[in-house]
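In: Here you go, sequence then predicted model.
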Amino acid sequence: MQNKQISEIRNLKDEQDAVILAHSYQPPEIQDIADHVGDSLELSRIAASTESSVIVFCGVKFMAETAHILSPEKTVLLPEPDAGCPLADCIEVPALKSMQELYPDALTVLYVNSPADVKAESYACCTSANALAVVESAPSDEIIFAPDRNLGTFISRQSDKTIHIWNGACRSHAIADLQDMKARMEEWPDAELLVHPETPPAAWELAHAVLGTGGMIRYVGESSVERFIIGTEEGMVYRLRKLYPDRVFTTGGNIYCINMKKITLQKISDSLRELKPVIELDPRTREKAFAAVARMTEVTG
Ligand code: CIZ
């Protein structure tokens, strides 16, 4: 059954001149069928430069919206329209505007995990891969960082700027199970624990390194350590195992995002056949958000 679905997707992809992008948190079979697997920053850059006329985005809604903002002339498909992001949902325009009124000299740096209309009110977006670099390159010593409080705190500890942090969090990472991380470390005392900056500061204290997913890939590649405990969404363990078959990886903290698991092979195939659901944004919002998203893609982490 799976083989039939895979060959159907490959045929439809050619017929529709499509490229399949998958986030590193996607399930194994989705990562395997994708043309590119990566983090938000890598996938945004590919979406901006691809020559394919259709982009099938296997991730969550804000990621597909970001691809649409960068490539409005392409058809961007999100095979499961209900794949949302509770972190993105925890910020809305009126509340951000109130914070901006409170700190009129601050520039807003917005984690890309956010709605398009909020991006439109921000100076620049960032991902975990380049958050510090975006904050440092913003032409103000005062920054509003939203919506992830843990990433904001992580950045503020490395920057001399005054950073006002929004009180939002990723539901999966913020409740990382520290006891599970400790138990894995006891089982594998020679292993290194890598955690995501969306996890709480107490997890950073246990960890050997605090990194976004792209940073984790680089870190493992440059390390001579054999075993790693991965404190981010569990899909990342599959990605790392594929990239580094000579190393050993396990999950740490039981971090699981239900929204990242909503896309299936069947949904990709239906989406390609029917060319829907298409991501559309109000053109004014899209155009206004472009500057903030483009700044994100220009800054290297
Ligand atoms: O930026 C991304 O893609 C996310 C959600 C996590 C990461 O660290 O790559």
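Out: Looks like it came in fine.
In: Return the residues of the stretch 151-300 of the chain in contact with the ligand.
Out: Applying Cβ under 6 Å from any ligand atom, we find that the stretch 151-300 of the chain lies next to the ligand at 196, 212, 213, 214. (C-beta placed from N, C-alpha, C; glycine too.)
In: and the nearest residue to residue 34 once chain neighbours are set aside, what are its bridge partners?
Out: Using Cβ to Cβ, 6 or more residues apart in numbering and skipping residues adjacent in sequence, the residue nearest residue 34 is residue 22, 3.6 Å away. Beta-bridge pairing for residue 22 (DSSP bridges): residue 37, residue 58.
In: Quick one: the strands in this protein, in order.
Out: 18-23, 36-38, 54-58, 75-77, 107-111, 124-126, 142-146, 162-165, 192-195, 209-210, 227-231, 248-251 (DSSP state E).
In: gap between residue 73 and residue 286?
Out: Distance, residue 73 to residue 286, using Cβ to Cβ, to the nearest Å: 12 Å.
In: If you count surrounding residues, which of those two has more?
Out: The neighbour count for residue 73 versus residue 286, taken as other Cβ atoms under 10 Å, is higher for residue 286 (20 against 6).
In: Look up the closest residue to that one, ignoring the ones flanking it.
Out: Closest residue to residue 286 apart from its sequence neighbours, by Cβ to Cβ, 6+ apart: residue 69 at 5.4 Å.
In: Same check on residue 52?
Out: Using Cβ to Cβ, 6+ apart, the nearest residue to residue 52 is residue 19, at 4.0 Å.
In: and what of residue 81?
Out: residue 277 (4.5 Å).
In: Kindly report the same for residue 126.
Out: residue 134 (3.8 Å).
In: residues contacting the residue nearest to residue 81?
Out: Residues near residue 277 by Cβ atoms under 8 Å, 6 or more residues apart in numbering: 77, 78, 79, 81, 271.
In: Let me see the contact set for the last one.
Out: Each residue near residue 271 by Cβ under 8 Å, 6+ apart is listed here: 56, 77, 78, 79, 277.
In: Not counting sequence-adjacent ones, nearest residue to the residue positioned nearest the centre of the chain?
Out: Ranked by distance to the mean C-alpha position of the chain (Cα atoms, centre = their mean), the top residue is residue 40 at 4.3 Å. Closest residue to residue 40 apart from its sequence neighbours, by Cβ to Cβ, 6+ apart: residue 127 at 4.6 Å.
In: what's the neighbour count on that neighbour?
Out: Neighbours around residue 127, by other Cβ under 10 Å: 25.
In: from what I can see the residue nearest to residue 126 touches residue 123, true?
Out: No - applying Cβ atoms under 8 Å, one finds residue 134 not in contact with residue 123, separated by 9.1 Å.
In: Pull up the overlap in contacts between these two.
Out: Common neighbours of residue 134 and residue 123, using Cβ under 8 Å, 6+ apart, are 109, 295.
In: neighbour-wise, which of the two wins?
Out: The neighbour comparison of residue 134 against residue 123 (other Cβ under 10 Å) goes to residue 134, with 27 against 18.
In: any idea how far the more buried one lies from residue 125?
Out: Counting by Cβ to Cβ - residue 134 and residue 125 are separated by 8 Å.
In: what residues are shared contacts of the two?
Out: 109, 295, 296.
In: Buried residues, stretch 231-246. List them.
Out: 231, 232, 233, 234, 235, 236, 237, 238, 239, 240, 244 (16 or more other Cβ atoms under 10 Å).
In: So which of those is the closest to the ligand?
Out: residue 232 (6.7 Å; Cβ to the nearest ligand atom).
In: Can you give me every residue that contacts the residue nearest to the closest one when sequence neighbours are not counted?
Out: Closest residue to residue 232 in three dimensions, ignoring its sequence neighbours and counting by Cβ to Cβ, 6+ apart: residue 196, at 3.9 Å. Contact partners of residue 196, counting by Cβ under 8 Å, 6+ apart, are 128, 173, 210, 211, 212, 213, 231, 232, 233, 255.
In: now what about the worst-scoring helix or strand of the chain on mean pLDDT, what contacts it?
Out: Least confident helix or strand, the chain: helix 40-49 with a mean of 93, by mean pLDDT, DSSP states H and E. Identification of contacts with helix 40-49 by Cβ under 8 Å, 6+ apart yields 19, 21, 23, 36, 38, 55, 57, 59, 63, 66-67, 70-71, 74, 76, 112-113, 127, 129-130, 214, 293, 296-297, 301.
In: same question, stretch 160-168
Out: 87, 90-91, 96, 99, 102-103, 106, 135-136, 140-149, 152-153, 155-156.
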